[in-house]
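Student: Any chance you could fold what I've pasted below:
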Amino acid sequence: SVGSLLITDPSDDILGIVTDKDLRKCLAVGMDYTAPIEVIMSSPVVTVDSNDICFDALLKMMSRKIHHLAVTTDDQIAGVVTSHDVMVLQGKSPLALFREILSQRSIKGLYPLGKAVPSVIRTLVEEGAKAGNIARMITVINDLILDRLLTLLVQELGRPPVPFSWILMGSEGRKEQTFYTDQDNALVYKDVQDEILQRAISIYFEAFADKAIDHLIKCGFPPCPGKIMASNPRWRQPYSVWRDYFERWITVPEPEQVMNAAIFFDFRTGFGDSSFSDELRDHLALHCQRQELFLRYLAVNCLETKPPLSFFRNFIVEKDGAHKNTLDIKKRGLAPIVDFARVMALKTGIRETNTMGRLEKLKDRDAIPEDLGVDALEAYEFLMHLRLVHQLDMVEMGEEPNNFIDPKKLSDLEKKTLKEAFGVLGRIQTHLKEMFRLNIA
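Tutor: Numbering: from 1, shown residues only. Have a look, this model is predicted:
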């Protein structure tokens, strides 16, 4: 049986796609059989290259909330792959969770679904998926939960008085979430002059943000200890205020601004009107390149965390306390690469927020040496893999996940690779010293 049809024009160019679900809807509403097919087709057709891996097709389906992709070969459509095809191939597929999220009709129904993520990720780990892809999958699932939650909340509270965007920042903004990621979010909305409307906006979005944060906590997303959330009035502002925030942060750099850069400058839209974050990103890409003092502050900050290796290349671990004989893989390993990619992206006007995406673009633009870019990508991927597997093991043992790795529990190959990854951090810092002329010992 055929589950979908591609619609073409007389010259055989693909115009759209019609699925069996579309046809069933037509029958249900009593649509005239003589109606043109373009009335019910979906367009444009979303495609995937025949050389792409199934994982990429899966992510594209989930992020676009669709079940069919046209497969192209040499820019010509050669066939169609469906979510069912992927599920048959993968067995325990994330698509089952994807469908369950989208089917929820109440916010409370979303509460337990975040707990299903580890079992889905365990399958990907056992199949040898790369850490970058696993983090992307966690992000897609979390984004789906957020989108469904806020969609239902808008239905509950009614249409918002003005367009708005729910902004994700930090690791959420970079699409680098793991099993231990707290909330970093904000809300930006359209500027208005009318005082009565301003009051209505304030009342609506205060209730919206408070309810959203509470529901997200119940879905398994811990609150931000620093209260960088949309429920904080400071981070729930019109576009003009947000633009002033960023303008002040980059023109009057101080220690707090450097800290803000590590969280706020990696933003993206999680829900709502993406034009607000797009305009802010364009503004930053244009103006950050000119702010040498600000960039220099960021570069200096990148040098503060030294690679945790001794002179004899032994691991430097915690000497006492709850995490004795371990090292913080996030703070001592991943963060320096994330910070390096951010400052270099801001310096070169790159709009990408994902660390690996930033490094790829920096390498392609010759903004960093080719070998440094390749090694930084490999180091980041390996460090993220260690972090994800460590946290997954903790979750499955019923423990709260953290970032503290015990080097003694690693295999000899893992220890060797970890030392090589830490060695890359030193090269990154040397590059920054030379680029920004930082004569710091």
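
Student: So which helix or strand of this protein has the lowest pLDDT on average?
Tutor: helix 83-90 (a mean of 61; mean pLDDT, DSSP states H and E).

Student: Report the buried residues of the helix or strand just after that helix.
Tutor: The helix or strand immediately downstream of helix 83-90 is helix 94-103, counting by DSSP states H and E. Within helix 94-103, the residues that count as buried by 16 or more other C-beta atoms under 10 Å are Pro94, Leu95, Leu97, Phe98, Ile101. (Glycine included, C-beta is placed from N, CA and C.)

Student: Of the residues you listed, which is the nearest to Leu362?
Tutor: Using C-beta to C-beta, Pro94 comes nearest to Leu362 of the buried residues of helix 94-103, at 30.3 Å.

Student: do you know how far the closest one is from Ala57?
Tutor: 12 Å (C-beta to C-beta, to the nearest Å).

Student: Quickly find the element holding Gln177.
Tutor: Using DSSP H and E, no helix or strand contains Gln177.

Student: Would you agree it is in contact with Ile141?
Tutor: No - judged on C-beta atoms under 8 Å, Gln177 makes no contact with Ile141 at a distance of 9.1 Å.

Student: if I look at Ala35, how far off is Lys108?
Tutor: For Ala35 relative to Lys108 (C-beta to C-beta), the value is 40 Å.

Student: which residue sits closest to the residue positioned nearest the centre of the chain in space, ignoring its chain neighbours?
Tutor: Centroid check for the chain by C-alpha atoms, centre = their mean gives Lys175 as the closest residue, at 1.6 Å. Leaving aside its sequence neighbours, Lys175 sits nearest to Thr139 (C-beta to C-beta, 6 or more residues apart in numbering; 4.3 Å).

Student: now the helix or strand containing that neighbour, how far from the centre of its chain.
Tutor: Following DSSP H and E, one finds Thr139 within helix 131-157. Offset of helix 131-157 from its chain centre (C-alpha atoms, centre = their mean, to the nearest Å): 10 Å.

Student: Over to stretch 351-362?
Tutor: 12 Å.

Student: Show me what the mean pLDDT comes to for that stretch.
Tutor: Taken as a whole, stretch 351-362 has a mean pLDDT of 95.

Student: List the buried residues of it.
Tutor: For stretch 351-362, by 16+ other C-beta under 10 Å, it's Glu352, Thr353, Asn354, Thr355, Met356, Gly357, Arg358, Leu359, Glu360, Lys361, Leu362.

Student: would you list the residues you listed in CSV and tack on secondary structure?
Tutor: Converted to CSV, those look like this (DSSP: H, G, I helix; E, B strand; the rest coil):
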residue, secondary structure
Glu352, coil
Thr353, coil
Asn354, coil
Thr355, helix
Met356, helix
Gly357, helix
Arg358, helix
Leu359, helix
Glu360, helix
Lys361, helix
Leu362, helix
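
Student: of those, closest to Leu152?
Tutor: Looking across these and measuring by C-beta to C-beta, the closest to Leu152 is Thr353, at 26.8 Å.

Student: Surely that closest one and Asp266 touch.
Tutor: Yes - the criterion here is C-beta under 8 Å, and Thr353 meets it with Asp266 at 4.7 Å.

Student: Name the residues contacting each of those two.
Tutor: Gly173, Arg174 (C-beta atoms under 8 Å, 6 or more residues apart in numbering).

Student: end to end, how far does stretch 398-415 reach?
Tutor: 26 Å (C-alpha to C-alpha, to the nearest Å).

Student: From the chain's centroid, how far away is that stretch?
Tutor: The answer for stretch 398-415 is 24 Å, by C-alpha atoms, centre = their mean.

Student: May I see the buried residues of that stretch?
Tutor: Neighbour count says stretch 398-415 has Pro401, Asn402, Asn403, Phe404, Ile405, Pro407, Leu410, Glu414 buried, by 16+ other C-beta under 10 Å.

Student: Show residues contacting that stretch.
Tutor: Against stretch 398-415 from outside (C-beta under 8 Å, 6+ apart): 178-180, 315, 317-318, 323, 325-331, 386-387, 390-392, 394-395, 418.

Student: I'd like the distance between Ala262 and Val81.
Tutor: 39 Å.

Student: again, but for Ile196
Tutor: 52 Å.

Student: Could you do Val140 as well?
Tutor: 17 Å.

Student: So which residues make contact with stretch 188-204?
Tutor: 157, 160-165, 167, 205, 237-240, 242, 276-277, 280.

Student: Repeat that for stretch 120-134.
Tutor: 55, 59, 90-92, 94, 97, 137-138, 141, 179, 356, 381-382, 384-385, 387-389, 392, 396.

Student: who has more neighbours, Ala262 and Val81?
Tutor: Val81 (20 against 16; other C-beta atoms under 10 Å).

Student: Check the spacing between the more buried one and Gly3 real quick.
Tutor: From Val81 to Gly3 the distance is 11 Å (C-beta to C-beta).

Student: doesn't Lys115 make contact with Gly220?
Tutor: Yes - applying C-beta under 8 Å as the test, Gly220 and Lys115 come out as touching, 6.4 Å apart.

Student: Look at these two and report which has more neighbours.
Tutor: Gly220 (17 against 11).

Student: one step back: what distance do you get for the residue nearest to Lys175 to Ser119?
Tutor: Thr139 is 17 Å from Ser119, by C-beta to C-beta.

Student: quick one, which of those two is more surrounded?
Tutor: Thr139 (23 against 14).

Student: residue ranges with poor pLDDT in this protein?
Tutor: Applying pLDDT under 70 to the chain picks out residues 1-2, 27, 33, 53-55, 62, 83-93, 257, 440-441.

Student: Could you pull out the strands in it for me?
Tutor: For the chain, the strands defined by DSSP state E cover 4-8, 14-19, 47-49, 68-73, 76-82, 164-168, 185-189, 236-238, 268-272, 327-328, 404-405.

Student: could you redo the ones you listed as TSV and give each row distance to Pro336?
Tutor: Output for the strands of the chain, formatted as TSV (distance: least, C-beta to C-beta, whole Å):
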stretch	distance to Pro336
strand 4-8	47
strand 14-19	45
strand 47-49	34
strand 68-73	37
strand 76-82	39
strand 164-168	22
strand 185-189	25
strand 236-238	31
strand 268-272	22
strand 327-328	12
strand 404-405	16
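
Student: Which one, of these, ends up nearest to His287?
Tutor: Here strand 185-189 is closest among those (C-beta to C-beta), at 17.7 Å.

Student: Can I get that closest one as CSV, trimmed to CA atoms?
Tutor: Provided in CSV are the C-alpha atoms of strand 185-189 (Å, rounded to 0.1, in the frame of the first residue of the first chain):
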residue,chain,number,x,y,z
ASN,A,185,15.2,31.2,29.7
ALA,A,186,13.7,34.7,29.1
LEU,A,187,10.8,36.3,27.4
VAL,A,188,10.9,39.2,24.8
TYR,A,189,7.8,40.8,23.4
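
Student: Can you give the distance from that strand to the centre of its chain?
Tutor: That offset, for strand 185-189, works out to 16 Å (C-alpha atoms, centre = their mean).
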